[in-house]
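**Student:** one predicted model, sequence on top.
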Amino acid sequence: MDLIFYLTLGLFILIFGTIDNNIDYDFWARLIVGKNFFQTGNLFNFDFQSWGSTHKFIDHEWGSSLIFYLIQNYLGDVGIFIFKSIIIFLTLFTLTKIIRLENKKMPLYFLFFFFAIQAVSYNIFSTIRCQTFSFLFFAIYLYILKKTSTEKKYRILWCLPFLNIIWTNLHGGFVIGLILISIFTIGEFLNKKPFKPYLIALFITFFTSLINPYGIEYIYFIISALSLNRQYITEWQSLFLIKFYQHIMLKYKIFFFISIFIFIFSIFKNIKQNGFIKYIKKIDKTKYLIILFTLIISIKSIRFHVFFVYSVIALCYADFYNIFNKKLPQKIDKTKEIILFILILISSISHINNFKFVNTVKSSEYPIFCTEFIKINNLKGNVFTNFHTGSYVSYKLYPNNQIYMDGRYEEVYDTNLINQMADVFLAKNYQTFFEKNHADILIIDKTYPIYNKLKKDLNWFLAYEDKNFALFLPAKLKSLKFKSPNNKQTYYDKTKFITNINWL
């Protein structure tokens with residue numbers, strides 16, 4: 001049955017891993033870093049792309065940049081799709097191995113995984129991002145720590161320092177790994193089990209974080225980044241504490257509350273069977289601490305939803321199984337799983353047959369027409385565009401144009417830049433801002449109040465607009481004639497990775 005389960009899971013991931021063919025906003029910055037490294041052998045410690053206020057920066061995703069650049073450069077769009085699917089499958093495969101640590105014969109039912117994965121599909125399937133590596137390493141760390149606790153084979157903990165070197169250089173999410181080791185140290189102490197091996201592993205693993213291109217400065221950066229104000233960054237906002245998200249991401253909310261309800265129900269059921277005192281002595285405190293920690297951070301930020309769901313899959317699957325298991329005859333069980341496999345197989349064949357493995361820059365999310373307008377009309381100067389589209393604009397227009405800032409707000413730019421940008425888009429003192437900061441070209445999201453303000457501003461004129469974005473130029477250029485950009489999406493998909501950024 002395991003073979004059927006893993007085949008079903010693999011096909012399911014392939015379907016959903018290729019449905020969304022959009023490219024992450026920061027992917028372009030990752031490609032620039034990767035290209036620079038392989039052409040010069042160096043990493044930037046300054047930002048050559050921006051005319052905003054920058055500082056010497058630490059790139060906590062530099063390793064991911066190298067991997068993404070190699071995949072894109074040599075394997076293209078298909079490589080990106082396949083790589084993303086492989087990473088997601090390996091992550092979920094590792095979670096199933098954690099489930100089996102306590103009960104090697106525990107059946108793996110696909111429907112549970114289906115609902116759990118669907119709850120955070122927007123976070124793991126939408127696009128390839130650096131945090132995809134953190135999700136994988138979180139699962140690997142959890143497996144190693146749980147295996148150590150279950151089998152009392154402490155030598156495997158020596159894997160953690162070496163894995164941490166890799167994780168540290170791929171993504172700043174390695175901090176979650178250190179917290180995970182800390183939780184196991186405290187949990188095993190509360191469980192009255194040997195905890196010193198975990199404490200030693202934590203100590204050594206922490207110091208391997210210093211093995212990176214920036215040394216101790218990297219750690220200082222991570223500490224400062226944890227305290228940054230990210231009120232304008234969607235993925236750092238709370239799904240539960242902000243009114244705007246009241247009717248959004250309902251699948252995750254349903255999974256969240258059902259998980260909590262079943263978890264609490266399981267606790268009361270065990271207390272009823274064993275008594276409170278015996279239950280307290282018997283329970284795995286480490287498990288409860290992990291669930292509590294991931295629960296809290298998932299409430300705090302959309303970005304952390306995956307860690308909670310993965311923790312529930314790995315540590316609470318048995319609780320779900322024991323509640324809903326009706327011990328169906330083995331033949332019915334097998335038939336049910338085979339039917340699911342066949343349905344997903346048919347869906348996979350149909351999907352792959354109709355799907356074009358081409359990553360796309362959607363005109364609804366990227367100012368592709370405005371950017372092309374600037375390029376074909378050879379407009380030079382400073383471009384003011386929203387931070388999340390900044391990397392794309394820079395990738396396509398440098399060296400003729402520089403941007404104000406892009407999505408690397410915590411790595412590269414002074415902390416007040418993103419707040420200043422937000423005020424401009426909300427039409428708060430935007431004239432004063434443009435007087436202090438020289439902008440030659442404005443690319444504006446039409447949903448913001450600044451769009452209508454600029455249409456009435458005598459210092460600027462609307463040179464071009466599409467359905468979602470508008471391009472404003474200084475009024476002195478109004479008499480010039482401009483070429484219109486290509487309006488076919490296929491053109492932008494074919495030319496998306498063409499750039500003039502080159503160090504050879």
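**Tutor:** Received it, and whenever you're ready, just let me know what you need.

**Student:** could you use CA atoms for every contact and neighbour count after this?
**Tutor:** Fine.

**Student:** Ile443: helix or strand, and which one exactly?
**Tutor:** Secondary structure assignment for Ile443, by DSSP states H and E: strand 441-445.

**Student:** so in that sheet, which strands flank that strand, and in what orientation?
**Tutor:** strand 381-384 (parallel), strand 469-474 (antiparallel) (DSSP bridges).

**Student:** with only the CA atoms kept, save that strand in CSV.
**Tutor:** Presented in CSV, the C-alpha positions along strand 441-445 are these (Å, rounded to 0.1, in the frame of the first residue of the first chain):
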residue,chain,number,x,y,z
ILE,A,441,10.0,57.5,-14.4
LEU,A,442,7.1,56.3,-12.3
ILE,A,443,5.4,52.9,-12.7
ILE,A,444,2.3,53.0,-10.6
ASP,A,445,-0.2,50.2,-9.6
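
**Student:** and it, how far out from the chain middle?
**Tutor:** The chain centroid and the centroid of strand 441-445 are separated by 26 Å, computed with CA atoms, centre = their mean, to the nearest Å.

**Student:** rewinding a little: out of the strands paired with strand 441-445, which is the most enclosed?
**Tutor:** Per-residue neighbour counts averaged over each of these give the maximum for strand 381-384, namely a mean of 24 (mean count of other CA atoms under 10 Å).

**Student:** ok, back up a step: hmm, who's touching the strand holding Ile443?
**Tutor:** Residues lying outside strand 441-445 but in contact with it, judged by CA atoms under 8 Å, 6 or more residues apart in numbering, are 367, 370, 381-386, 425, 450-451, 468-474.

**Student:** buried sites along the helix or strand following it?
**Tutor:** Sequence-wise, the next helix or strand downstream of strand 441-445 (DSSP H and E) is helix 450-456. Within helix 450-456, the residues scored as buried using 16 or more other CA atoms under 10 Å are Ile450, Tyr451, Leu454.

**Student:** quick one: contacts for the second one?
**Tutor:** So the one you mean is Tyr451. Residues Phe425, Ile444, Asp445, Ala470 are the ones in contact with Tyr451 under the rule CA under 8 Å, 6+ apart.

**Student:** please redo it, this time with the cut-off set to 10 Å
**Tutor:** When contacts are counted by CA atoms under 10 Å, 6 or more residues apart in numbering, Tyr451 touches Phe425, Leu426, Ala427, Ile443, Ile444, Asp445, Leu462, Phe469, Ala470, Leu471, Phe472.

**Student:** what's the answer for the last one, then?
**Tutor:** The contact partners of Leu454, by CA under 10 Å, 6+ apart, come to Ala427, Tyr430, Gln431, Leu442, Ile444, Trp460, Phe461, Leu462, Phe472.

**Student:** adding pLDDT, write the residues you listed out as JSON lines.
**Tutor:** Shown next, in JSON lines, are those (pLDDT from 0 to 100):
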{"residue": "Ala427", "pLDDT": "90"}
{"residue": "Tyr430", "pLDDT": "89"}
{"residue": "Gln431", "pLDDT": "87"}
{"residue": "Leu442", "pLDDT": "97"}
{"residue": "Ile444", "pLDDT": "96"}
{"residue": "Trp460", "pLDDT": "95"}
{"residue": "Phe461", "pLDDT": "95"}
{"residue": "Leu462", "pLDDT": "97"}
{"residue": "Phe472", "pLDDT": "97"}
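
**Student:** from those residues, which is closest to Ile15?
**Tutor:** The shortest separation between Ile15 and any of the contacts of Leu454 is 34.6 Å, and it belongs to Ile444 (by CA to CA).

**Student:** okay, now the closest one: neighbour count?
**Tutor:** For Ile444, the count of nearby residues is 23 (other CA atoms under 10 Å).

**Student:** so how far is Val424 from it?
**Tutor:** In this structure, Ile444 and Val424 are 10 Å apart, going by CA to CA, to the nearest Å.
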